[in-house]
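**Student:** No letters, just coordinates:
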C-alpha cells in the first residue's frame, strides 16, 4: 500500500514539475505582453496596450505576416499529407522490392541541416523568379516535412488489416478507390495528426522564411516578429511578446481540438496487433 502511495505521489510530482517547466515560458510571455513596463513586470500595472499596438499599427504588418503563415502552413500540410498518403499506400500495400531502403533513404535525406541547403535553395529560387512568393516557401517546406509525415503514415497504414483492401477490391474498387474510400477513413486519426504536425513545423520554420522572403507580402510570422524594432533601434519586448502570444493561439486551438486524434495517431501505429 505504501509503495502504491509513494508511486502515485512521485507520478503527480513529476507531472506537476513537467507542467511548470513547460508552462513557465508561456506565463512569462503573457505577463510581459500585458506589462506597461516590460523591463519590470507589473511595476507600471497591466494593460492591453501592447496588443492594441501590434494589431493596430499598419507599419508592423503583423496581420500580413500572420496571414502568410497560415496560408503557407496550410498549403504545405495539405500537399505533404497528399504525397505522404500516396507514398505510404504504395509502400505498405503494393508489391515492391527495397521498401526499407526507400524509407531509410528518405530518412537519411531529412538529416541534412537546413543551413547547408539554404544557399543552393536561394540560387534555385532566384533562377526561377520565385523569391518572396508563397511557392518559394511551400516547396521546401513540403520536402522538409515529408520524411516525418511518410514515416508516421507508413507505421499507421501498416496496422490496417489487408482484409479490408481485399473486400473493397471484391466489391469493385480500384486501388485508388481503396485508398480514399477505405484506407484514409480508417486511418483518419493518423492523417489528422500528420497534417497538424506538418502545419506546426511549417508555421514555426524560420531559416527558409528569412532567406527566401524580402517583405511582408510573403514573409511569415516568425521572421516578421524577429524584425520588430522600436523607433530608436531598441527591442520592443512588449510588442514582441504580444505578437508571440497572438501567434500561439492558432496552434494551441488546433492542438486542443485535435488532441485526441494526435495522441491516437502517434501511438496506435507504434503498436502491433
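**Tutor:** Happy to help now that I have it. Since the structure is predicted, the reported quantities are computational estimates derived from the model, not experimental observations. Numbers count the residues shown, from 1 in each chain.
**Student:** Below-threshold pLDDT in the stretch 151-273 of the chain: ranges please.
**Tutor:** In the predicted model of the stretch 151-273 of the chain, residues 230-233, 260-273 satisfy pLDDT under 70.
**Student:** now the helices for it?
**Tutor:** With DSSP state H, counting those that start in this stretch as the criterion, the stretch 151-273 of the chain has helices at 162-170, 175-178, 184-186, 188-204, 207-212, 221-226, 237-257, 259-268.
**Student:** got the phi/psi numbers for residue 47?
**Tutor:** Backbone torsions for residue 47, taken as degrees, to the nearest 10, come to phi -150, psi 150.
**Student:** so who does it touch?
**Tutor:** By Cβ atoms under 8 Å, 6 or more residues apart in numbering, the contact list for residue 47 reads 34, 35, 36. All C-beta atoms are positioned from the backbone trio N, CA, C, and that covers glycine.
**Student:** Next: residue 237.
**Tutor:** Counted by Cβ under 8 Å, 6+ apart, residue 237 has contacts 32, 38, 39.
**Student:** State the pLDDT value of the first one.
**Tutor:** Looking back up the chat, that one is residue 32. Looking at residue 32, its pLDDT reads 89.
**Student:** Could you check the angle whichever strand or helix holds it makes with helix 237-257?
**Tutor:** Using DSSP states H and E, residue 32 maps to helix 2-34. If you take axes from the mean of the first three to the mean of the last three Cα atoms, to 10 degrees, helix 2-34 sits at 140 degrees to helix 237-257.
**Student:** tell me which residues in helix 2-34 are buried?
**Tutor:** 29, 30, 32, 33, 34 (16 or more other Cβ atoms under 10 Å).
**Student:** Just put those residues in JSON lines and tack on distance to residue 131.
**Tutor:** Below are those laid out as JSON lines (distance: Cβ to Cβ, whole Å):
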{"residue": "29", "distance to residue 131": "32"}
{"residue": "30", "distance to residue 131": "36"}
{"residue": "32", "distance to residue 131": "34"}
{"residue": "33", "distance to residue 131": "33"}
{"residue": "34", "distance to residue 131": "38"}
